[in-house]
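Peer 1: everything below, folded, please.
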Amino acid sequence: MARQSRRNFLKAAGAASVGVGLAGPFSFRTLAATDPGKAYDYTSWEQFHRDQWSWDRKTRGAHLVNCTGACPHFVYSKNGVILREEQSKDAPMLNGVPEQNPRGCNKGECGTDYVYSPTRLKYPLIRVGERGEGKWRRASWDEALGIIADKIVDTLRTEGPDTISVYSPVPAVAPVSFSAGHRFAHLIGAHAHTFFDWYGDQPPGQTQTCGVQGETCESADWYNARYIVLWGANPAQTRIPDAHYISEAQLNGTKIVSIAPDYNSSTIKADSWLHPKPGTDVALGLGFAHVIIKENLFDAHNLKEQTDMPLLVRGDNKLFLRESDLVEGGSKNRFYAWDLKTGRPVLMRGSWGDEPGVKPAVQPPFLARNTLTFADGTLDLGNLDPALEGRYRVKLLDGTMVECRPVFELYRERIMAEYTPEKVAAVTGVNAGLIAQTARDYAKARPAMIITGGGTGHWFYSDILMRVFHFLSSLTANEGKQGGGVNHYIGQWKPVFVPGVAALSFPQGAGKQRFCQTTIWSYVHSEAYDGMDKVGIDTGKYLRHALDSKQFPLYPRNGRDPKIFIVYRGNFLNQAKGQKYMLRNLWPKLDLIVTANIRMDSQALYSDIVLPSAHWYEKLDLNVTEEHTFINMTEPAVPPMFESKTDWQIFRALAKKVEEAAVAKGYPRFYDDQFKWNRDLSTLSAQFTDNGKFDNEEAAAQFILDTAPQSKGITLAELREKPRRYKSNWTSPMKEGVPYTPFQFFAVNKRPWPTLTGRQQFYIDHPVFFEMGVELPVYKAPIDADKYPLRFNTPHSRHSVHSTFKDNPLMLRLQRGGPIVEVPPVEAEARGLKDNDWAEIFNDHGRVIVRIRIKPGEQPGRISMYHTPELYMDLIEGSTQSVCPIRITPTHLVGNYGHLLFRPNYYGPGGSQRDTRVEMRKYTGAVPTPL
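Peer 2: Presented below is the predicted three-dimensional model:
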């Protein structure tokens, strides 16, 4: 056969295409009519793409979402239109570790989409239908702010300032925007909400053990570890800009162990995978401790110097042996150990009852007390040799003899008896030999690190697990070491320059600001049912005591209902546990719900007035995180689009409107008895701007930098040039070129830990801890108050940041195109479910109807749904939060025990959701017609 010419082949192919095209939905006549032999000019596409990659303006940009990234970007615009963003690749370099650059993720590179998104809020809206119905009318700013201001003034006069509630999430994301609403709330007397604890990011177990709000190393320090345990952490999916340090450490010889129930995106890269039954991690950790103690792999000196393990506990009442027990007029906050050299009890230095040589000028809000002015070496044992084991008889002040034992002796006895690898294997499902080998490897590695996150922090007894993490780290002397310790990542929670944020937000001082603990506020005002009576825990009893004894605040006071709820920068309702109770019981109590945001989210949908906020690329703000130690910024690439305003402009304008309304209504000032404050509403606008000093965001941002010692001397001009590192940090010094790791002031400089005992504290001799049986961190089974067969898991999504980007088309194209629940094959088969079926998931608290995805890597007895899709997304009813109650752990309500006290976002209940149990069945009702 003669060789077919290229011309004839192309002609034949074109003819074949006509047949295909005419038979299908698309016509290929144009292609068929093309003469393949003719020369065509295809170069015009090149110029099209050249135009895409040209710009007339380049500005700094940051994604002001709670993702923990804080990734520095450049934003490119042309003719007043934002084209795209890209990583700026100029983050500060550190020595001996791989560089940060380029820092970003697929979600962040969609930041421009929300500028021009169809969900973008373009102008103020006033509800004309029912809340959630989606019926609105367009309003002017003057009208919308006028309605809000009138209602605020009327409420101040008739109900009092504590009935007005202002909520916004974490300041690290956008501290200027955060400060705007909080400054407004401060000046009118409204109560502001906590957030770090409410959405489960604050690690109460770390506060109990270390006396800090929360602390962690920057992610570059992961590279310095020789052994990393990813415990309930999935950085490949939820810490995308930082996950490379895990892989790079592994290539450098670091062993990676993943402890997770499911075979997740990080586990596939690990050297070892332990998959305990969900909620049994404490037992696994104590199994490790058993092996480390039994085989004498622990650092006894570190336990004696850095922890409460040598402190004596009385055998008669289980309380610490205190100075007041032995000395007339002695302190209740000074504690004894047994000195083996002298054979007598000795007071250990650095406790709550001791005073530093230099009085601290300020109390850092991230510490229970300021121990940073104590002298270096305060904890040094010197000639002391405190006993870790044994029984010792001590004569009390009244002449009676009491037997005392060190904390370590008490704890060791329980660990040896109850947590052998064999017993732990029966509880967790992890092989006993693997438990023992993992414990040995961890103990022998130097340094070793535990990385944890939301997978462990949202359980009812999550505080116990964090205490166990710190116990393992202290057993092996890893705290305060480069590449070591316990590092907790969830949420962009750490504003290192918090003194500047506080000064801008609360000009009369934080002591004159009403703060409400949001979990308690939500639980009480939504009249939530938690089902804990089914397992013998009376939440109401503990909560009443905490409120009546003023260990925790609740606003409004005296059992009154909140009346106005202002939410900005956040999607409160969408993220709220107990969502059914919120809508059914709390929402009707509120006379006015106002939301300010960049898009129509679920909170906005259920509001009365919605205000359009400027996008991240339309305003100036700062942006920081705990995962690195440099300050990032964003600035306007274009002016605020449509009729949107920056958060600073919104609250400045609202302050002016309230001022006008107060004067017009004859209520220009009122006396706030709680703070003995004559509040002058007639000058509110001048107070908000400090007589023009803070007329714009740039002045406010520079004030934050100038007021905090951690950033003093850094200017916005310098940040426009490139991101800058903090000058100082919280619990360790900042060292040039060295990744930050926490707790070195205590572990290395040997200043007291900011706890009651002055050490890492594992024994808590408080009545509530005794009642719950957790004075020591011991295993408590998951709460099974919901009598249903499946455990309901709500992990963070790879393709969104909470609800942000959940509705982004590019992100949806990388997955199923909408919310799904992941179901193990055995559970799907038992219920007659096939992949992509609609399923109803339900319990006593609510239900959600969603599609399923069958996932072999999911454990039987559990289903997982990536948390908080918008209520208007591809759901027939409900969301992840519909079936999750608000559950308050009683130990988180303790506020009268040394370092356990209420401070905003420092310590408080978080409303756990991982103990939720559900049933699932095929949904047989009407479903959306597929496209």
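Peer 1: spit out the contact partners of the residue lying closest to G69 once chain neighbours are set aside.
Peer 2: Distance criterion C-beta to C-beta, 6 or more residues apart in numbering; nearest residue to G69, sequence neighbours excluded, is P241 at 4.9 Å. The way it works is simple: take the backbone N, C-alpha and C, and place the C-beta from them, glycine included. Counting by C-beta atoms under 8 Å, 6 or more residues apart in numbering, P241 makes contact with 69, 71, 100, 103-105, 627.
Peer 1: the closest residue in space to Q52 that isn't next to it in sequence in helix, strand or coil?
Peer 2: Leaving out its chain neighbours, the residue that sits closest to Q52 by C-beta to C-beta, 6+ apart is L83, at 6.8 Å. With DSSP: H, G, I helix; E, B strand; the rest coil as the basis, L83 sits in strand.
Peer 1: and L83, how many neighbours does it have?
Peer 2: Neighbourhood size, L83 [other C-beta atoms under 10 Å]: 17.
Peer 1: does N66 touch G491 like I think?
Peer 2: Yes - N66 is in contact with G491 according to C-beta atoms under 8 Å; the separation is 5.5 Å.
Peer 1: so R853 belongs to a strand, correct?
Peer 2: Yes - remark: R853 belongs to a strand, assigned using three-state DSSP.
Peer 1: would you confirm that it contacts D837?
Peer 2: No - contact criterion C-beta under 8 Å: R853 and D837 do not qualify, at 9.9 Å.
Peer 1: next one: Q579 from R847, what distance?
Peer 2: Q579 sits 11 Å away from R847, going by C-beta to C-beta, to the nearest Å.
Peer 1: can you pull the residues that touch both of those two?
Peer 2: Counting by C-beta under 8 Å, 6+ apart, the residues touching both Q579 and R847 are 878, 882.
Peer 1: of these two, who's got more company?
Peer 2: Neighbour count, other C-beta under 10 Å: between Q579 and R847, Q579 has more, with 28 against 19.
Peer 1: give me the pLDDT for that one.
Peer 2: For Q579, the model assigns a pLDDT of 96.
Peer 1: next: the one 3 residues further on.
Peer 2: We have a pLDDT of 97 for M582.
Peer 1: ok, it - contacts?
Peer 2: Here M582 is in contact with 522, 526, 573, 576 (criterion: C-beta under 8 Å, 6+ apart).
Peer 1: contacting residues for the last one?
Peer 2: A576 is in contact with 522, 582, 881, counting by C-beta under 8 Å, 6+ apart.
Peer 1: could you list the low-confidence segments of this protein?
Peer 2: 1-43, 930-931 (pLDDT under 70).
Peer 1: one more time with 50, if that's ok
Peer 2: Along the chain, the parts satisfying pLDDT under 50 run over 1-33.
Peer 1: how close does the closest residue to M633 other than its chain neighbours get to Y529?
Peer 2: By the measure of C-beta to C-beta, 6+ apart, the closest residue to M633 outside its immediate chain neighbours is L719, 4.5 Å from it. L719 is 48 Å from Y529, where distance means C-beta to C-beta.
Peer 1: surely F195 is in contact with N905?
Peer 2: Yes - if you go by C-beta under 8 Å, F195 and N905 touch, sitting 6.6 Å apart.
Peer 1: check which helices and strands the host helix or strand of T595 sits against.
Peer 2: Using DSSP states H and E, T595 maps to strand 592-597. Applying 3 or more C-beta pairs under 8 Å, 6 or more residues apart in numbering; DSSP states H and E, we find strand 592-597 packed against helix 141-158, strand 564-568, helix 602-605, strand 609-612.
Peer 1: as TSV, the ones you listed with mean neighbour count and distance to R514 would be great.
Peer 2: Formatted as TSV, the helices and strands packed on strand 592-597 follow (neighbours: other C-beta atoms under 10 Å; distance: least, C-beta to C-beta, whole Å):
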stretch	mean neighbour count	distance to R514
helix 141-158	19	13
strand 564-568	24	13
helix 602-605	24	22
strand 609-612	26	23
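Peer 1: of all those, which lies closest to L684?
Peer 2: Taking C-beta to C-beta, helix 141-158 is the member of the helices and strands packed on strand 592-597 nearest to L684, at 9.8 Å.
Peer 1: any idea how far that closest one is from the chain center?
Peer 2: 33 Å (C-alpha atoms, centre = their mean, to the nearest Å).
Peer 1: could you check how far D262 is from G200?
Peer 2: From D262 across to G200, the span is 19 Å (C-beta to C-beta).
Peer 1: neighbour count winner among those two?
Peer 2: Just comparing D262 and G200: by other C-beta under 10 Å the higher neighbour count belongs to G200, 24 against 21.
Peer 1: what's the burial count for I82?
Peer 2: The local packing of I82 (other C-beta under 10 Å) involves 23 other residues.
Peer 1: wait, L776
Peer 2: A total of 18 residues lie near L776 under the criterion other C-beta under 10 Å.
Peer 1: look up how far Y392 lies from the closest residue to S474 other than its chain neighbours.
Peer 2: Counting by C-beta to C-beta, 6+ apart, S474 lies nearest to T307, which is 5.2 Å off, once chain neighbours are set aside. Separation of T307 from Y392 (C-beta to C-beta): 19 Å.
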